[in-house]
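[1] would you be able to build a 3D model of this:
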Amino acid sequence: MRKEWIGLVAGLAFASLTGCSASSDTQAAGQEPSSVVFDSVSTHLDYAAITENVGPIASVSCWTEPEQIPVREILGWYLRYYAELYSDADDPFATYRRADDPDLLHIGAADFEQAAMSFFGTDSEYLRNESGGFYDEASNEYIVPETLKQASISCTVRSSELSGDLVQVQFDLTSQTLGQKSYLLSIDLQNGMRFKSCQEILESSAANEEEKGE
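    Modelled structure (predicted):
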């Protein structure tokens with residue numbers, strides 16, 4: 001399922017420019033979905049895989065505008081996305097490795113900036129200026145440690161709702177530093193796939209939603 005999602009996302013997003021599981025996986029394992037509600041879009045989008053890759057950003061910073069997302073976190077997302085996209089390779093990052101600098105990945109600026117623009121709407125000027133030293137102007141590369149992709153979190157998707165071209169995905173994120181928090185991820189599907197915003201759901205808001213459901 002995850003591999004299929006990665007392929008679909010790549011097709012959706014780049015065509016516009018040029019440990020969780022989805023409900024079906026849960027049922028196949030003989031487990032109850034437990035208050036999880038999915039719309040029909042879930043038949044071809046793996047929201048669980050999406051939150052696994054995007055969730056680590058929310059654990060550091062929520063956003064409603066692209067410039068609110070730390071570039072470091074977008075780089076971490078890109079490494080997770082890229083590793084999934086080329087998971088069949090012996091070394092997904094072989095293209096980005098240099099024999100004279102084996103501990104770091106050299107990501108071509110165009111590769112990263114195209115993906116960041118497509119999925120988050122961040123422009124190259126923001127990415128380069130706010131990279132925290134990861135962008136190297138001389139080589140026109142983002143030079144990062146592979147460990148940047150690591151994120152110690154787990155996600156549980158609770159619901160998804162489709163309204164026009166906008167999908168809103170509610171999920172719980174658990175980490176050692178934050179404990180458990182709930183988030184609402186808004187995904188714009190109008191021109192590919194863009195993670196438009198991600199906001200924390202406060203307990204009072206969650207309680208109100210549950211009351212409305214009853």
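[2] domain map for the chain?
    1-59+152-214, 66-150 (automatic domain parsing).
[3] would you reformat these as a markdown table and include mean pLDDT?
    Shown next, in a markdown table, are these (pLDDT from 0 to 100):
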| stretch | mean pLDDT |
| --- | --- |
| domain 1-59+152-214 | 71 |
| domain 66-150 | 96 |
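[4] format those domains as JSON lines; extra columns: mean neighbour count.
    Every residue, glycine included, has its C-beta placed from N, CA and C. Shown next, in JSON lines, are the domains of the chain (neighbours: other CB atoms under 10 Å):
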{"stretch": "domain 1-59+152-214", "mean neighbour count": "16"}
{"stretch": "domain 66-150", "mean neighbour count": "16"}
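[5] which SSE is the most centrally placed residue in the chain in?
    Nearest to the mean C-alpha position of the chain, by CA atoms, centre = their mean, lies Val54 at 2.4 Å. Val54 belongs to helix 47-58 when assigned by DSSP states H and E.
[6] then Val144?
    Judged by DSSP H and E, Val144 forms part of strand 141-145.
[7] partners of that strand in the sheet?
    strand 101-108 (antiparallel), strand 135-136 (antiparallel) (DSSP bridges).
[8] and those strands: which comes nearest Ser186?
    Across the strands paired with strand 141-145, Ser186 has its closest neighbour in strand 101-108 (26.9 Å, CB to CB).
[9] what's downstream of the closest one, the next helix or strand?
    helix 109-120.
[10] so Val71 sits right up against Tyr126, yeah?
    Yes: in this structure, Val71 is within contact of Tyr126 by CB atoms under 8 Å, at 7.5 Å.
[11] can you get me the start-to-end distance on stretch 108-127?
    13 Å (CA to CA, to the nearest Å).
[12] which residues does it contact?
    13-14, 16-17, 66-67, 69, 71, 74-75, 77-78, 81, 128, 135, 140-142, 192-196 (CB atoms under 8 Å, 6 or more residues apart in numbering).
[13] who wins for proximity to Ser154 among the strands paired with strand 141-145?
    strand 101-108 (25.3 Å).
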